[in-house]
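J.: Pasted the sequence and its predicted model underneath.
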Amino acid sequence: MTTPDIAARRKLGACAALMIGALTLTACGGSANAEDDAKGGDDSVKTSVAKIAISAKDGSTDASINSTGVKVSDGKLTDVKMTVAGSDQAVPGSLSSDGKAWKPKEQLERGTKYQISATAKDTKGRTAAANSIFTTVTTANSFIGTYTPDNGTTVGVGMPVSFNFDKAITNRKDVQSHITVTSSSGQKVVGHWFNGQRLDFRPEEYWKAGSKVTMKIDLDGVEGTNGVYGVQKKTVTFTVGRSQVSTVDVNTQTMTVVRDGKTVKQIPISAGSPEHTTYNGQMVISEKFVQTRMNSRTVGLGGEYDIPDVPHAMRLTTSGTFIHGNYWYNKGNPPFGRQGTSHGCVGLADVRGAGGSTPAKWFYDNSLIGDVVVVKNSPDKTVTPDNGLNGWNMDWSQWVAGSAS
């Protein structure tokens, strides 16, 4: 038989256990948007009105590598610590001058788990805190675009803006709409998709000499294909230099260099032989090498040549067409300007070692990435627009038809 005192004590114990459980549940949990309570006088609880927001939600697995950061309203941040989760590796960051925002100094790594702990105070000195453990978007679930030209460069009038994405893009309209290219010249610029991974931008005519071109990339979080998101957010600017268009006439084996509308030089050349003709069309210089190796096997030929030190080489097509110096020209042949003897490239007289004062060196020194070399009167076909940066060989209506926006 249970006495009344014993029964009362059991009930009291049960109530205490329930209260402890309730307190335990209240103390657990948290999120990237949190406020801490600070006790005031008279046993009252006074809550900080500062509200901390960590952009990467606690437990998220697709956080941005660009825009992850901390903000506070109705208060100022007093401390923010960011580390690679599970380690002491700190991630440096910077606090805004007004104390309202914090962000990492460098772009975060993809597929990495991080932890952010932040505290803030309101105007009455009451403290709020928040924390988040999250993982940035993985390589498998994100895409990037390698682009040209680079920020701060000066290029020729034929230089398109060209993106090559590391994954096939199916949501082409969304992706294209988040890349804008504008020119101080006021020229209309339109994008054209060559395939699911290449997107180029250009105006109808060559860029105006001296214009400034701005490319805004706002792909961070944009879905390129199902479950795959962009991670780039930046602004790129480049300058268009003087206008230089050089025309190679295969009939006369000469190249005429026209700068800002005036002929500045005529250079004897050696174009492709009858067996290995040179493409016709407008070709843009995409790379420059003082010296480079050229091996016939890399362009689908046999072991016809392997030259380790081709001087003053400038790439015109992806498939291997260059305009370059030639020091091995057979002295038994007619002089330069009389006969095509190359395997499809455009050769200029030069010396081994890329020294001296030669036609090839002059042209190399006076050429920019983005300058145009036009080949005409060759028995070959016109180069395809996607073979190098050569979209100028597509008429404007076709170019516009390849836009997704």
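T.: On my side now, so go ahead.

J.: from here on, contacts and neighbour counts on C-alpha atoms
T.: Will do.

J.: and residue 160, what is it in contact with?
T.: Residue 160 makes contacts with 148, 149, 200, 201, 202, 370, 389, as judged by Cα atoms under 8 Å, 6 or more residues apart in numbering.

J.: who's the first one bridged to?
T.: On DSSP bridges, the residues paired with residue 148 through beta bridges are residue 162.

J.: And the fifth one, by the same measure?
T.: Using DSSP bridges, the bridge partners assigned to residue 202 are residue 190.

J.: wait, what's in contact with it?
T.: Counting by Cα under 8 Å, 6+ apart, residue 202 has contacts 160, 161, 189, 190, 191.

J.: same thing with the fourth one?
T.: Residues near residue 201 by Cα under 8 Å, 6+ apart: 160, 161, 162, 181, 189, 190, 191, 192.

J.: Mind checking what secondary structure the fourth one has?
T.: If I follow you right, that is residue 181. strand (DSSP: H, G, I helix; E, B strand; the rest coil).

J.: So what's the model's average confidence on the helix or strand where residue 310 lies?
T.: Here residue 310, judged by DSSP states H and E, is contained in strand 306-315. Averaged across strand 306-315, pLDDT comes to 91.

J.: do the same with stretch 320-335
T.: Averaged over stretch 320-335, pLDDT sits at 84.

J.: Show the end-to-end separation of stretch 206-220, please.
T.: Start to finish, the residues bounding stretch 206-220 are 30 Å apart (Cα to Cα, to the nearest Å).

J.: list the contacts for the residue lying closest to residue 227 once chain neighbours are set aside?
T.: Leaving aside its chain neighbours, residue 227 sits nearest to residue 141 (6.2 Å; criterion: Cα to Cα, 6 or more residues apart in numbering). With contact set as Cα under 8 Å, 6+ apart, residue 141 has these partners: 227, 228, 229.

J.: Restricted to helices, list these.
T.: Among the contacts of residue 141, no member is found in helices (DSSP state H).

J.: Which one of those is nearest to residue 95?
T.: Nearest to residue 95 among the contacts of residue 141, counting by Cα to Cα, is residue 229 at 27.9 Å.

J.: contacting residues for that closest one?
T.: Per Cα under 8 Å, 6+ apart, neighbours of residue 229: 141, 142, 143, 219, 220, 221, 222, 223.

J.: Determine which two of those are furthest apart.
T.: Distances among those were taken as Cα to Cα; the most separated pair is 141 and 219, at 13.6 Å.

J.: per-residue pLDDT, the residue nearest to residue 227?
T.: 95.

J.: Would you mind giving the domain segments of the chain?
T.: Domain ranges of the chain: 33-135, 142-241, 244-392, per automatic domain parsing.

J.: Redo these as TSV? Include distance to residue 400.
T.: Output for those, formatted as TSV (distance: least, Cα to Cα, whole Å):
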stretch	distance to residue 400
domain 33-135	32
domain 142-241	7
domain 244-392	12
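
J.: what about these, which gets the closest to residue 398?
T.: Per Cα to Cα, nearest to residue 398 of the domains of the chain: domain 142-241, 9.0 Å.

J.: Would you pull up how far the closest one lies from the middle of the chain?
T.: What separates the centre of domain 142-241 from the centre of its chain is 9 Å, taken as Cα atoms, centre = their mean, to the nearest Å.
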